[in-house]
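> Predicted coordinates and the sequence they were generated for:
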2 protein chains.
Amino acid sequence: MSHTPGVRQAQKRKTRQALLDAALSLLEEQSLSSLGLREVTRAVGVAPTAFYRHFHSTADLGVALVEEALGSLHPMIRTTMSPAEDDDERIDRAVELIAGHVAAHPAHVRFIARERHGGVQPVRRAIREQLARFAEEVRAELATDASAAGWSETDLRMLAGLYVDQMLITASLFLETLDAPDDERRRAVETARRQLRLISVGRTHWLD
Amino acid sequence: MSHTPGVRQAQKRKTRQALLDAALSLLEEQSLSSLGLREVTRAVGVAPTAFYRHFHSTADLGVALVEEALGSLHPMIRTTMSPAEDDDERIDRAVELIAGHVAAHPAHVRFIARERHGGVQPVRRAIREQLARFAEEVRAELATDASAAGWSETDLRMLAGLYVDQMLITASLFLETLDAPDDERRRAVETARRQLRLISVGRTHWLD
DNA sequence: GGAGTCAGTGAACAACTGTAACCACAAATG
DNA sequence: CATTTGTGGTTACAGTTGTTCACTGACTCC
């Protein structure tokens, strides 16, 4: 007790986080499958062998990055997908939330978009699982919506998957226009809004 | 004339194609940014230096692979997007075409999905340009459709982009279920069909 | 048919990689 | 306080990488 336990663990977490940060930064210009363990430790200023104290391999680090990038995003689903005055308001809210997230964490978004179909199987699986969780959360939220009356479970899942994919597309579109002229960015936002709106229109007339 | 010119060029093209094939095969389990030039030449059974006779770098080879994977796909747009008896028939046709293409050229599809957001900038750009061409072709085809009356140019482009993205999503979904049990594959096909149908419904009610 | 072109070879290079064994020393434990 | 634990450092190894250079020998052209 007198030795204030946890000093050591705190330091360990600190270097672990430094490794994650350095890796994420290095991954802006390459894929995970070409990321070397020495490269990461060099960027942190730590011995190569120290890497093993935190991760088995770079693939392992990649899985941790998936958790970091997507794990904290789940609470946002409820607030985003919850019913609004009208559909357009909900769409605007979602688009703004995505734009804000991309602007705040561009490297994380880039990492997910890149490694979703990337060359490292465990990372692909981790991303797939997280996205499946998102889809399930969206489905649950859609089910509470009044306009979901008469929808089959299959169709609800289909729609939830469509929304999740569309949000990823939107995020990666915003990422590409991050350092583009203002008018191009505005055009991207408008395109994303209309695409979501078209899906929304399809949704309201689905049961015709 | 008597010397039958072209024997040399034919041989060169043959090894070039062998390099492309070997690279594509190696890329099933890794990303382009980690593909080594020696790795490719070793797989072909040729000296490392021979690589330079055909490509400046692996990034250059990647751009050539983009051309190979997407270049020959443009003619398919017209036949796929051309009007049909009813919308559902057109959707079925498109889904079957995608499924067939994925089954026939899985490595190409995987390569495009992987490198679209991959770590090699010139390859990303090449893919983006090809997809932009697809979107333009889809837009042109949509414009001839009777149901496009009253649509703005902006909205037509928006819809074309949505279709192209959705086709890529569908292709990568089919790719994931390539060696999955039959019922899961059927479910994937059904999901893809319904997602396209929902977009189609949104399209017909867009001007309300 | 002789000269030139050029796809592919082989050896050599400096730099890099992942990983192993062993060591140092501060923190945690009793 | 003495002992154990475990993060991180050091050194070393065997393999790999991209790129260079001078070369061979078959094909092409005049």
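Perfect, thanks for sending it.
> and the residue sitting nearest the centre point of chain A, what helix or strand is that in?
Geometric centre of chain A, nearest residue: A:Leu70, 4.5 Å, by CA atoms, centre = their mean. When elements are assigned from DSSP states H and E, A:Leu70 belongs to helix A:58-70.
> buried set for the helix or strand following that helix?
Following helix A:58-70 in sequence order, the next helix or strand is helix A:74-81 (DSSP H and E). Neighbour-count burial for helix A:74-81, counted by 16 or more other CB atoms under 10 Å in any protein chain shown, picks out A:77, A:80-81. Yep, even glycine has a C-beta here, placed from its N, CA and C like the rest.
> is the helix holding A:Leu70 up against DNA strand C anywhere?
Yes - interface with DNA strand C: helix A:58-70 contributes A:Thr58 (CB under 7 Å from any atom of the strand).
> Report the distance from that helix to the chain centre.
In terms of CA atoms, centre = their mean, to the nearest Å, the centre of helix A:58-70 is found 11 Å from the chain centre.
> hmm, who's touching the worst-scoring helix or strand of chain A on mean pLDDT?
When the helices and strands of chain A are compared on mean pLDDT, DSSP states H and E, helix A:74-81 comes out lowest with a mean of 88. Outside helix A:74-81, the residues that touch it by CB atoms under 8 Å, 6 or more residues apart in numbering or on different chains are A:90, A:93-94, A:97, A:101, A:133-134, A:137-138, A:141-142.
> Got a PyMOL select line for the buried ones in these?
Restricted to buried positions by 16+ other CB under 10 Å, the PyMOL selection for these reads:
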select buried, chain A and resi 90+94+101+133+134+137+138+141+142
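> would TSV of the contacts of helix A:74-81 with distance to DNA strand C and secondary structure be doable?
Formatted as TSV, the contacts of helix A:74-81 follow (distance: CB to the nearest atom of the strand, whole Å; DSSP: H, G, I helix; E, B strand; the rest coil):
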residue	distance to DNA strand C	secondary structure
A:Arg90	45	helix
A:Arg93	42	helix
A:Ala94	39	helix
A:Leu97	36	helix
A:His101	30	helix
A:Arg133	30	helix
A:Phe134	31	helix
A:Glu137	36	helix
A:Val138	37	helix
A:Glu141	41	helix
A:Leu142	43	helix
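> Looking at the contacts of helix A:74-81, spot the one nearest chain B.
When the contacts of helix A:74-81 are compared for distance to chain B (CB to the nearest CB), A:Leu142 comes out closest, at 12.8 Å.
> quick one: the closest one from A:Ser82, how far?
Distance from A:Leu142 to A:Ser82, counting by CB to CB, to the nearest Å: 11 Å.
> State the number of residues packed around the nearest residue to A:Phe55 once chain neighbours are set aside.
Distances taken as CB to CB, 6 or more residues apart in numbering or on different chains place A:Leu61 nearest to A:Phe55, at 4.5 Å, with adjacent residues excluded. By other CB atoms under 10 Å in any protein chain shown, 24 other residues sit near A:Leu61.
> next one: the one 10 residues further on
Here the neighbour count serves as a burial measure; for A:Gly71 (other CB under 10 Å) it reads 11.
> swap in A:Ala104?
A:Ala104 has 9 neighbours, counted by other CB under 10 Å.
> Point out where chain A drops to low pLDDT.
Where chain A drops to pLDDT under 70, the residues are A:1-5.
> That one against DNA strand C: which residues are in contact?
Residues of chain A lying near DNA strand C (CB under 7 Å from any atom of the strand): A:3-9, A:36-39, A:42, A:48-49, A:51, A:57-58.
> again, 10 Å this time
Residues of chain A lying near DNA strand C by CB under 10 Å from any atom of the strand: A:1-12, A:26, A:34-42, A:47-52, A:55-58.
> Which among those residues count as buried?
A:26, A:34-35, A:37, A:40-41, A:51, A:55, A:58.
> Would you format the residues you listed as a markdown table with secondary structure included?
Formatted as a markdown table, those follow (DSSP: H, G, I helix; E, B strand; the rest coil):
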| residue | secondary structure |
| --- | --- |
| A:Leu26 | helix |
| A:Ser34 | helix |
| A:Leu35 | coil |
| A:Leu37 | helix |
| A:Val40 | helix |
| A:Thr41 | helix |
| A:Phe51 | helix |
| A:Phe55 | coil |
| A:Thr58 | helix |
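> which ones among those residues come in contact with DNA strand D?
A:34, A:41, A:51.
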